[in-house]
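Colleague: What follows is a predicted structure for the sequence shown.
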Amino acid sequence: GENVEQHPSTLSVQEGDSAVIKCTYSDSASNYFPWYKQELGKGPQLIIDIRSNVGEKKDQRIAVTLNKTAKHFSLHITETQPEDSAVYFCALLGWSWGKLQFGAGTQVVVTP
Amino acid sequence: NAGVTQTPKFQVLKTGQSMTLQCAQDMNHNSMYWYRQDPGMGLRLIYYSASEGTTDKGEVPNGYNVSRLNKREFSLRLESAAPSQTSVYFCASSEASSGADYEQYFGPGTRLTVT
């Protein structure tokens, strides 16, 4: 199946700073790239996604960029707040319809 | 709407015991999934069901079986639990129809410990 590498595995930022998480993949057929946020003790929840015909998408303080040529996509969180502390997973819709392949996750800690 | 519900929330098993994890969704979704989450390994797909009456293996199916009981319910069975199956298990559902909504909705998880 598709391999998704996610970096960094942990990220500590000061409140108000920006956070960036990057994922790389190998299958050029991938065309859907979501990001999920998992708060402690809960299941993951979709926060933003992007499709391959779009290079960037923004929703308030979060944005996702996609570079299909280089096969990487990134999550950007601006003006971080304590409630942004969570584990973030990138994913992509790979070779098999309806099945997502997830990255290993990034633990983001926002310190006041 | 409750979304995706899972039972139980916590379970401790001894090696060799069996159990079934239950999952139900009330969003009329066609597709349902079972994942396991282990530290540093993200979410790995165990089994999925693209539609009622069909099931297929995912990335890590060994030691598990599933049943898509009806459109709402998708259960995961461990026939003979092993310590390697200690994990947090998530059920998810999605519409996953062609060209449209691939968003997966996750349940709250079941934390399973096998001793």
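Modeller: Ah, there it is.
Colleague: pLDDT averaged over stretch B:25-43 - what is it?
Modeller: Confidence over stretch B:25-43, taken as the mean pLDDT, stands at 93.
Colleague: Find the closest residue to chain A in chain B.
Modeller: The nearest approach of chain B to chain A comes at B:F106, 3.1 Å away (Cβ to the nearest Cβ). Every residue, glycine included, has its C-beta placed from N, CA and C.
Colleague: Next to chain A in this structure, residues from chain B, please.
Modeller: Neighbours of chain A within chain B, by Cβ under 8 Å from any Cβ of the partner chain: B:4, B:31, B:33, B:40-45, B:48, B:50, B:58-59, B:90, B:92, B:94, B:96, B:98, B:102-104, B:106-109.
Colleague: Make a ChimeraX selection of the buried ones in these.
Modeller: Only the buried members of these end up in this ChimeraX selection, burial being decided by 16 or more other Cβ atoms under 10 Å in any protein chain shown:
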select /B:4,31,33,42,43,44,45,48,50,58,90,92,94,96,102,103,104,106,107,108,109
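Colleague: Mark which of the residues of chain B next to chain A are part of strands, please.
Modeller: Secondary structure assignment by DSSP state E places B:4, B:31, B:33, B:43-45, B:48, B:90, B:92, B:94, B:106 of the residues of chain B next to chain A in strands.
Colleague: got any ranges where the chain has weak pLDDT?
Modeller: Went with chain A since none was named. Per-residue confidence for chain A (pLDDT under 70) gives these ranges: A:1-2, A:95-97.
Colleague: my bad, the chain I had in mind was chain B
Modeller: Looking along chain B with the criterion set at pLDDT under 70, you get B:97-101.
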